[in-house]
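S.K.: predicted model and sequence below, questions to follow.
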There are 2 protein chains.
Amino acid sequence: MTSTLVERLQEALPAGSVIVDPDITSAYANDMASFCDAGAPAVVVLPRTVEQVQHVMRTATALRVPVVPQGARTGLSGGANASDGCIVLSLVKMDRILEIDVVDRIAVVEPGVVNATLSRAVNEHGLYYPPDPSSWEMCTIGGNIGTASGGLCCVKYGVTAEYVLGLDVVLADGRLLSTGRRTAKGVAGYDLTRLFVGSEGSLGIVVGATLALKPQPPQQLVLAAEFASTDAACDAVCKIMADGHVPSLLELMDRTTVKAVNDLAQMGLPETTEALLLCAFDTLDPAADLAAVGALCEAAGATQVVPAEDAAESELLLQARRLSLTALEAVKGTTMIDDVCVPRTRLAEMLAGVERIAEKYALTIGVCAHAGDGNTHPTVCFDAQDADEGRRARESFDEIMALGLQLGGTITGEHGVGVLKKEWLARELGPVGVEVQQAVKAAFDPLGILNPGKLF
Amino acid sequence: MTSTLVERLQEALPAGSVIVDPDITSAYANDMASFCDAGAPAVVVLPRTVEQVQHVMRTATALRVPVVPQGARTGLSGGANASDGCIVLSLVKMDRILEIDVVDRIAVVEPGVVNATLSRAVNEHGLYYPPDPSSWEMCTIGGNIGTASGGLCCVKYGVTAEYVLGLDVVLADGRLLSTGRRTAKGVAGYDLTRLFVGSEGSLGIVVGATLALKPQPPQQLVLAAEFASTDAACDAVCKIMADGHVPSLLELMDRTTVKAVNDLAQMGLPETTEALLLCAFDTLDPAADLAAVGALCEAAGATQVVPAEDAAESELLLQARRLSLTALEAVKGTTMIDDVCVPRTRLAEMLAGVERIAEKYALTIGVCAHAGDGNTHPTVCFDAQDADEGRRARESFDEIMALGLQLGGTITGEHGVGVLKKEWLARELGPVGVEVQQAVKAAFDPLGILNPGKLF
């Protein structure tokens, strides 16, 4: 079977782009949610053209072989994990930026372009591609589209979905579909573009994207505020939003996260604080905006408010935030990173609940959060060698999602469902939601060969 | 048949909300694209609750009766036109604003809420609901969602789709589906919310919406610039966008439109100009932004640049723009309003092409445009009593869409497809696009009872 498959693939793919050596293919088995189940791929293909991707999908359909599309495999939900005997379809070799236009404010790219590469390329034209997941130096635009990924910018600039104008997609049977547009507006037919964004490779293979760009904003300036309780920090978040501010970043790190970052990188962050809030503006007069926000933080009970003096100090504070997940991983060797998003008004309850859950299961759970979006990353730190701790980690992880749903939130703000949260997706969507989503899946992938076992 | 239908509907709907009198039902036969074909409804229902809508759809499914959902019927593509023997399902009685939250920056509304009513209600909380179609004083949020409508604000704030976070939808068979979220972010499963936005009532009946709001920006200040050619005006648009400006409005009126507005309302606009550009900023220092834009307009050859002194002068200029379509309608009694959106870089070619088409068919075609979006409204003015002129109007209308597609644009930037442009939708989407869109339609509406004959 595998030999037929490989022969058929090789008919239209150069030899070096069809890999069967298990020592190599096993490296493609999983994304960064390494504790999720992953199978062994039959073959890894690395196409360089749309036609080659079409050939892969035609072959997969003919032989009924599952296909798992992959970018840089930096995902956190196992959405790119291989299934046994699958074709891993890696898009990383399709990595050209085809066009950047300053008047139309668009970029046309292949899916394998790295986020940071695109960001820097458009910067050179005075333009800005906002979505900035933590993995932006590694992750690909195709992966960002597959998972509808977010980042620190979202509180002002929104998520990846807001920046995808049109897509070229190879369908399960190899047909090539173009969706959307390269114009600023367009409502011709159903918005299939948005349907593909966040579909985790389960509806088709994105082989090209037209992305919207913004003008490059002024350099942002950051303020740090310390609070004696997470309640007070969350109250500050609510005050900032109710007062009509539009920060370019509004992040929260709890005590556990602050300590972990200090332990990892000796950043000298204040460890006496219960919650550190970082707020930034990229406006024309960020100091004035930060002064107003500083006053609101003080009104909410901030014990210390420190605006950065300049871009360098701002960058240092952001570095601390960007290190959070890595630092928490160093605490016990392994983490389960949750991604619950709640209405801002319920953020304080969410953080208090996570603290209760950590106590109940005798676990270290650090929380960093895109606080301005209500998007929390409670990160369960555990020792993967300790079976009991592993079990407690999993239970606490689930209880955090249950809490999120109870507070009117969602189980995933930006990381996606993958295999990690598929049981929880059904709980969030409800029976009618699942029925409809499965009907959509069937309309695109009647044979069920596209990234099977993910989402549902 | 009709008597069975009416009896079944009346089982769960109050008597006054089931209308069969043809003198009344005929008033529900069409939207504002009155020259599009429209059938005679069998019955008009005006439900007040979600349960009543569910009953209507269960009845329609049981009896295989088509259902045409309607808001205020201000659409311009015949998307709300009745088909013979259908149930017209008017949502205008479901018009409550259920919630406005300043911290979460959301509103939860029923579909029949009028756009202006919502806009004013959120203003009172210091919030802003941007989408502002010309019909905003009449049109409903449900209709806006159905057509993904735009407006003057889009160049900065985007279209309706950007503001719909979650929906309650009654499906063809009466099941109630909740999509999306009330959080700032969320990626749990396929983005069905966006799929319903712009689906013109062909996938389900929107009975509730959670909308994102922005903080109320400062009052905008408008500048008017006159140009001796549309080419020069379009060059100014490109210069403004390439220079990184983010105007809150960037509109163009051609000579024909300016004259029509003067004729209708004696506004005293400069009739010697070939193109009038209106640009606005709602920033903290709009005068400074307008000065920069004014200089760019002059560099592009503006013959006159007049910044408004204050809000009152700004409002007058906007009024002129808002009157454009009404004024063009007064020219010959009837109009066909096109809605072609092209990349900004092709805007000048689009306007030149429309002028050629007007000459070729010996017709008056006025163009007003959301120039910053490349979204043009070439408006064919004709006498509906003159058969030959009507034929030429239709042919020129089609030729304008062909030109838009040729320039890399779309046949509809914000008005939708309805019945008016269904043949053109197929040309824009191509065969694979149509196949996939129809597969999606079949997944939601296997019996084909939801707004049949629209889109495809």
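M.R.: Noted; the coordinates are in hand.

S.K.: where does the stretch 1-150 of chain A dip in pLDDT?
M.R.: Residue ranges of the stretch 1-150 of chain A with pLDDT under 70: A:1, A:34.

S.K.: chain B contacts on that one?
M.R.: Proximity of the stretch 1-150 of chain A to chain B is confined to A:101, A:102, A:103, A:104, A:105, A:106, A:126, A:147, A:148, A:150 under the rule CB under 8 Å from any CB of the partner chain. (C-beta placed from N, C-alpha, C; glycine too.)

S.K.: how close does the fourth one sit to residue B:347?
M.R.: Looking back up the chat, that one is residue A:104. 10 Å (CB to CB, to the nearest Å).

S.K.: more crowded one of those two?
M.R.: The neighbour comparison of residue A:104 against residue B:347 (other CB atoms under 10 Å in any protein chain shown) goes to residue B:347, with 29 against 26.

S.K.: next one: the more buried one relative to chain A, how far apart?
M.R.: Separation of residue B:347 from chain A (CB to the nearest CB, to the nearest Å) stands at 9 Å.

S.K.: please name the nearest non-neighbouring residue to that residue.
M.R.: residue B:234 (4.4 Å; CB to CB, 6 or more residues apart in numbering or on different chains).

S.K.: part of a strand, is residue A:348?
M.R.: No. Residue A:348 is assigned helix when assessed by DSSP: H, G, I helix; E, B strand; the rest coil, not a strand.

S.K.: how many neighbours does the residue nearest to it when sequence neighbours are not counted have?
M.R.: Spatial nearest neighbour of residue A:348, excluding adjacent residues (CB to CB, 6+ apart): residue A:234 at 3.6 Å. Neighbour count for residue A:234, taken as other CB under 10 Å: 27.

S.K.: quick one: mean pLDDT for the helix or strand encompassing residue A:234?
M.R.: Residue A:234 is part of helix A:230-242 when elements are defined by DSSP states H and E. Helix A:230-242 shows an average pLDDT of 98 in the prediction.

S.K.: pull whichever helix or strand comes after it out as CSV, backbone CA atoms only.
M.R.: Once helix A:230-242 ends, the next helix or strand along the chain (criterion: DSSP H and E) is strand A:249-254. Output of strand A:249-254 as CSV, limited to C-alpha atoms (Å, rounded to 0.1, in the frame of the first residue of the first chain):
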residue,chain,number,x,y,z
LEU,A,249,-1.4,45.7,23.9
LEU,A,250,-2.9,44.9,27.4
GLU,A,251,-1.3,41.9,29.0
LEU,A,252,-1.3,40.4,32.4
MET,A,253,1.2,38.1,34.1
ASP,A,254,0.4,36.6,37.5
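
S.K.: for the stretch 1-150 of chain A, which segments count as helices?
M.R.: A:2-10, A:22-25, A:50-63, A:115-123, A:141-147 (DSSP state H, counting those that start in this stretch).

S.K.: now do the end-to-end distance for stretch A:302-313.
M.R.: Stretch A:302-313 has its terminal residues 20 Å apart, counting by CA to CA, to the nearest Å.

S.K.: which of the residues in it are buried?
M.R.: Going by neighbour count (16 or more other CB atoms under 10 Å in any protein chain shown), the buried part of stretch A:302-313 is A:302, A:303, A:305, A:307, A:308.

S.K.: tell me the two of the residues you listed that are most distant?
M.R.: Within those, A:303 and A:308 form the most distant pair, 17.9 Å apart (CB to CB).

S.K.: returning to what we had before: what's the distance between the residue nearest to residue B:347 and residue B:241?
M.R.: On the measure of CB to CB, residue B:234 and residue B:241 end up 11 Å apart.

S.K.: now stretch A:294-306: mean pLDDT?
M.R.: Computed over stretch A:294-306, the average pLDDT equals 97.

S.K.: what does stretch A:402-414 give?
M.R.: 97.

S.K.: roughly how far is that stretch from the heart of the chain?
M.R.: 16 Å (CA atoms, centre = their mean, to the nearest Å).

S.K.: next, the buried residues of that stretch.
M.R.: Buried residues in stretch A:402-414 (16+ other CB under 10 Å): A:403, A:404, A:405, A:407, A:409, A:410, A:411, A:412, A:413, A:414.

S.K.: got a list of what the third one touches?
M.R.: Contact analysis of residue A:405 by CB atoms under 8 Å, 6 or more residues apart in numbering or on different chains lists A:411, A:427, A:428.

S.K.: cool, residue A:451 as well?
M.R.: A:66, A:67, A:68, A:69, A:79, A:200, A:201, A:202.

S.K.: what residues does stretch A:291-301 touch?
M.R.: So stretch A:291-301 is contacted by A:223, A:225, A:227-229, A:232-233, A:235-236, A:239-240, A:243, A:245, A:247, A:277, A:279, A:281, A:302, A:305, A:307 (CB under 8 Å, 6+ apart).

S.K.: ugh, typo on my part, it should be stretch A:165-180
M.R.: Counting by CB under 8 Å, 6+ apart, A:50, A:53-55, A:57-58, A:60-61, A:106, A:145, A:164, A:181-183, A:186, A:191-193, A:196, A:203-212, A:444-447, A:449-450, B:430, B:432-433, B:435-436 sit against stretch A:165-180.
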